[in-house]
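Visitor: heads up, no residue letters with this:
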């Protein structure tokens, strides 16, 4: 299979992008990050990209706070295509992806969510797990579809919920597993040895 050509969309610190960069540099993931886009002009993910010599830029998504405006989405697609991206990675991108991007990259938009989907889609899922009294929380890497955190699941990793957990301590342990799960999921995609069956990705 050809090396994955990744475009990363983020909004915050970029720790998941960093885990992907580390996996690439260590030879554990056959991929190249072609461009990083952030919808926050001073997002740390842009600083991380510059540190590794990865092309990056601010994507102005105004006036909307939670979704891509039509013009911004078209601009995003143009930048990704010009960079030669074949797979779009959402790494803490805090906006709803709309149909134009999904149609431009069918079956090639990937997201990470801090819960064991289909449980607890949406925001602050670690808090939802605590409030519900779950014994297990976790992380899911999945393909993105038109629903909310509903696309086929590629990789999941469980995290035990401890008696003394706060939302902050649980979220911190989930993030440790996120940094393992994203490179693993992208390695599966890079291998090409998978198939989608319903809401699951089967390897081999």
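Guide: Perfect, I can see it now. Worth saying up front: this structure is predicted, and the values here are computed from it rather than measured.
Visitor: and this structure, what are its domain boundaries?
Guide: Residue ranges of the domains in the chain are recorded as 1-106, 110-204, according to automatic domain parsing.
Visitor: columns mean pLDDT and mean neighbour count on top of those, output as a markdown table?
Guide: From N, CA and C alone the C-beta is placed, and that goes for glycine too. Formatted as a markdown table, the domains of the chain follow (pLDDT from 0 to 100; neighbours: other CB atoms under 10 Å):
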| stretch | mean pLDDT | mean neighbour count |
| --- | --- | --- |
| domain 1-106 | 94 | 18 |
| domain 110-204 | 94 | 17 |
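Visitor: how long is stretch 53-67 from one end to the other?
Guide: With CA to CA, to the nearest Å as the measure, the ends of stretch 53-67 fall 28 Å from one another.
Visitor: go on, stretch 85-99?
Guide: End-to-end span of stretch 85-99 (CA to CA): 18 Å.
Visitor: likewise stretch 90-107?
Guide: Stretch 90-107 has its terminal residues 13 Å apart, counting by CA to CA.
Visitor: with stretch 95-107 instead?
Guide: First-to-last residue span, stretch 95-107, CA to CA: 19 Å.
Visitor: hmm, who's touching it?
Guide: Stretch 95-107 is contacted from outside by 11, 39, 61, 64, 66-68, 70, 73-74, 76-77, 80-81, 85-88, 90, 109, 143-146, 196, using CB atoms under 8 Å, 6 or more residues apart in numbering.
Visitor: just the residues you listed: which are in strands?
Guide: Among those, the ones falling in strands (DSSP state E) are 87, 88, 90, 109, 143, 196.
Visitor: how close does the closest residue to the second one other than its chain neighbours sit to residue 165?
Guide: Spelled out, it's residue 88. Spatial nearest neighbour of residue 88, excluding adjacent residues (CB to CB, 6 or more residues apart in numbering): residue 109 at 4.5 Å. Distance from residue 109 to residue 165, counting by CB to CB, to the nearest Å: 32 Å.
Visitor: and if you look at residue 76?
Guide: From residue 76 to residue 165 the distance is 37 Å (CB to CB).
Visitor: cool, residue 136 as well?
Guide: According to CB to CB, residue 136 and residue 165 sit 12 Å apart.
Visitor: spell out the residue ranges of the strands in the protein.
Guide: Using DSSP E, strands in the chain cover 4-10, 31-38, 56-58, 87-91, 109-113, 136-143, 153-160, 194-197, 200-203.
Visitor: the lengthiest helix in the chain packs against which elements?
Guide: The residue-count maximum for a helix in the chain (DSSP state H) belongs to helix 167-191. In terms of contacts (3 or more CB pairs under 8 Å, 6 or more residues apart in numbering; DSSP states H and E), helix 167-191 is packed against strand 4-10, helix 15-25, strand 87-91, strand 109-113, helix 125-132, strand 136-143, strand 153-160.
Visitor: same thing but 6 Å
Guide: If you count contacts as 3 or more CB pairs under 6 Å, 6 or more residues apart in numbering; DSSP states H and E, helix 167-191 packs onto helix 15-25, helix 125-132, strand 136-143, strand 153-160.
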